[in-house]
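> with the input below, show me the fold.
(chains A and B)
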Number of protein chains: 2
Amino acid sequence: MRLYELAGRDDLRFSPHCWRARLALAHKGLEAETVPVRFTDKQVIAHSGQGMLPVLEDGERVIADSWAIAGYLEDAYADRPSLFGSAEGHGLARFVNTWSAATLQPAIIRCIIKDIYDHVDPADQAYFRETREARFGKSLDEIQAGRAQHAEALTAALLPLRATLKAQPWLSGPAPLYPDYIVFGAFQWARCVSDFAIIGGEEDPLREWRDRVAALFDGIGDRVACYGA
Amino acid sequence: MRLYELAGRDDLRFSPHCWRARLALAHKGLEAETVPVRFTDKQVIAHSGQGMLPVLEDGERVIADSWAIAGYLEDAYADRPSLFGSAEGHGLARFVNTWSAATLQPAIIRCIIKDIYDHVDPADQAYFRETREARFGKSLDEIQAGRAQHAEALTAALLPLRATLKAQPWLSGPAPLYPDYIVFGAFQWARCVSDFAIIGGEEDPLREWRDRVAALFDGIGDRVACYGA
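Predicted coordinates:
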């Protein structure tokens, strides 16, 4: 198996979507060689028929998109520990996935976009700046300069997650499942590139949970360069 | 069994939390006598040790709070159809419940708060106005006057729900479970008191889903006076 992952400066793997695929493989007890891919060097994954990462190769099969990869692994390795637990676990995981994409990640990126730029491979920086400044209609510096206000919006967006993790150990309930990995991916993205604290200190159930996810699978989330935030 | 529900003008039952309890009972195939309670007439539920609705009485047991009622029914009537399906279904339902409380309902109420006032029992209107205007720091009319802008914020908050229901029939996946009832409660609340369209027309997967939830259990959501919106 081969997992193509977005790679930044000094081969830093910070993509939230790639972290999800990595955790999904670990949950299934599967090993994959990881292949670094830069934003502007995507001919490497041309055989996937699209240009986004991660891409998983499993023998002849080529699967793009972290959600599709999780679904593929669940079906193809049904004898291994389940990523979703049940049909309703799979259905509700989709809601968590779309919440992360539509609410959580947009709130996070506004706090750390210049920090992401600083960690993108130098050969990708012009591409990253141009596409992101076009998307937001502002310079990266201007967006990040508003981070105090963006952090307030993020805190509001995090209310349901924080309330859930105050009441139960994992987002998925009594044990970690793919929904935990979805949301962890977004926090790991921030933690890989930025020292800006988007969550609270040791008393914050969100931090306590994030650190517990990072510690899974022999410290999968801690074996990379990360800021302490 | 007896379910104490918030009642408005002409005995209208519009509370999102009470709708959840009603659907949870129906899902379990249980019947309960419903008892109308006004905002300012809560001595009726003093025996529950608190002042919020719904309250469920089951013999000697008195349970307040829609989330606690769902958990109680799940345990006490374990031989009946499950509301959560599994441990992860229960865990992820809590996230949906906190998302509805912290994100969805605050976005909805800003669009319909004056319409709620108009449907509150006349004896409760002064209480409703005073407590809500203190909470928002604005008059009810002022809040609702900004509804075009509030509706945009609501549309943003609804992105994950809409994306999920575009991809699968129920929020919980292949069949309706308590998470569907949680979110339905919030939409039914709006539909009971307001003709302001917070969702789209027939082409909107959200409307199509809402109408399918309303049609469950012999049209449980359609057997009340509702606006078409």
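> next, the residue nearest to A:Asp124 when sequence neighbours are not counted: phi, psi?
Once flanking residues are discounted, A:Asp124 sits nearest to A:Phe39: 4.1 Å by CB to CB, 6 or more residues apart in numbering or on different chains. Heads up, the C-betas are built off the backbone N, CA and C, glycines and all. Main-chain torsions, A:Phe39, degrees, to the nearest 10: phi -50, psi -40.
> do A:Val224 as well
Per-residue torsions, A:Val224: phi -130, psi 160 (degrees, to the nearest 10).
> wait, isn't it in contact with A:Cys192?
Yes - if you go by CB atoms under 8 Å, A:Val224 and A:Cys192 touch, sitting 6.5 Å apart.
> quick one: contacts for the closest residue in space to A:Ile112 that isn't next to it in sequence?
Spatially, and ignoring its direct neighbours in sequence, A:Ile112 is nearest to A:Ser194 (4.2 Å; CB to CB, 6+ apart). A:Ser194 sits next to A:Cys111, A:Ile112, A:Asp115, A:Ile116, A:Tyr227, A:Ala229 when contact means CB atoms under 8 Å, 6 or more residues apart in numbering or on different chains.
> from those residues, which single one is nearest chain B?
Minimum distance to chain B across the contacts of A:Ser194 is 17.6 Å, recorded for A:Cys111 (CB to the nearest CB).
> could you pull up the contacting residues of that closest one?
If you count contacts by CB under 8 Å, 6+ apart, A:Cys111 has them with A:Gln144, A:Arg147, A:His150, A:Ala151, A:Leu154, A:Ala190, A:Ser194, A:Phe196, A:Ile198.
> rerun that using 10 Å as the cut-off
For A:Cys111, the contact set (CB atoms under 10 Å, 6 or more residues apart in numbering or on different chains) comprises A:143-144, A:146-151, A:153-154, A:190, A:194, A:196-198.
> next: A:Ile63.
A:Ala21, A:Ser48, A:Pro54, A:Val55, A:Leu56, A:Glu57, A:Ile69, A:Ala70, A:Gly71, A:Tyr72, A:Leu73, A:Ala76.
> list only buried entries from the residues you listed.
A:Ala21, A:Ser48, A:Pro54, A:Val55, A:Leu56, A:Glu57, A:Ile69, A:Ala70, A:Gly71, A:Tyr72, A:Leu73 (16 or more other CB atoms under 10 Å in any protein chain shown).
> and of those residues, the nearest to chain B?
Nearest to chain B among those: A:Gly71, at 11.3 Å, using CB to the nearest CB.
> if you count contacts, what does the stretch of helix or strand that closest one belongs to end up packed against?
Here A:Gly71 sits within helix A:66-76, counting by DSSP states H and E. The contact analysis (3 or more CB pairs under 10 Å, 6 or more residues apart in numbering or on different chains; DSSP states H and E) places helix A:66-76 against helix A:16-27, strand A:55-58, strand A:61-64, helix A:87-99, helix A:178-193.
> would you reformat those as JSON lines and include mean pLDDT?
Shown next, in JSON lines, are the helices and strands packed on helix A:66-76 (pLDDT from 0 to 100):
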{"stretch": "helix A:16-27", "mean pLDDT": "98"}
{"stretch": "strand A:55-58", "mean pLDDT": "98"}
{"stretch": "strand A:61-64", "mean pLDDT": "98"}
{"stretch": "helix A:87-99", "mean pLDDT": "98"}
{"stretch": "helix A:178-193", "mean pLDDT": "98"}
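> between these, which one is nearest to B:Ser172?
Evaluated with CB to CB, the helices and strands packed on helix A:66-76 place helix A:87-99 nearest to B:Ser172, the distance being 4.6 Å.
> if I look at the nearest residue to A:Ala102 once chain neighbours are set aside, how far off is B:Glu208?
Of all residues not flanking A:Ala102 in the chain, B:Leu159 sits nearest, at 3.7 Å (CB to CB, 6+ apart). B:Leu159 sits 17 Å away from B:Glu208, going by CB to CB, to the nearest Å.
> A:Asp11 too?
From A:Asp11 over to B:Glu208 the distance is 47 Å, taken as CB to CB.
> when these two are compared, which one has more neighbours?
B:Glu208 (16 against 12; other CB atoms under 10 Å in any protein chain shown).
> and the more buried one, what element?
helix B:205-219.
> give me the buried positions along that helix.
B:Pro205, B:Leu206, B:Arg207, B:Glu208, B:Trp209, B:Arg210, B:Arg212, B:Val213, B:Ala214, B:Leu216, B:Phe217.
> which of the residues you listed come close to chain A?
Checking the buried residues of helix B:205-219 against chain A by CB under 10 Å from any CB of the partner chain, not one of them is in range.
> got those residues as a markdown table, with pLDDT and distance to A:Val44 columns?
A markdown table is the format used below for the buried residues of helix B:205-219 (pLDDT from 0 to 100; distance: CB to CB, whole Å):
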| residue | pLDDT | distance to A:Val44 |
| --- | --- | --- |
| B:Pro205 | 97 | 36 |
| B:Leu206 | 97 | 39 |
| B:Arg207 | 96 | 43 |
| B:Glu208 | 96 | 41 |
| B:Trp209 | 98 | 40 |
| B:Arg210 | 97 | 45 |
| B:Arg212 | 98 | 44 |
| B:Val213 | 98 | 46 |
| B:Ala214 | 98 | 50 |
| B:Leu216 | 98 | 49 |
| B:Phe217 | 98 | 53 |
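> picking that back up, what's near enough to touch the residue nearest to A:Asp124?
Neighbours of A:Phe39 in contact, by CB under 10 Å, 6+ apart: A:6-8, A:15, A:51, A:53, A:120-121, A:123-125, A:127-128, A:131.
> from these, pick the one nearest B:Tyr178.
Nearest to B:Tyr178 out of the contacts of A:Phe39 is A:Ser15 (CB to CB; 33.9 Å).
> from A:Ala64, how far out is that closest one?
Relative to A:Ala64, A:Ser15 is positioned 13 Å away (CB to CB).
> kindly report the same for A:Leu73.
Distance of A:Leu73 to A:Ala64, computed by CB to CB: 14 Å.
> overlap in contacts of these two?
In contact with both A:Leu73 and A:Ala64: A:Leu56, using CB under 10 Å, 6+ apart.
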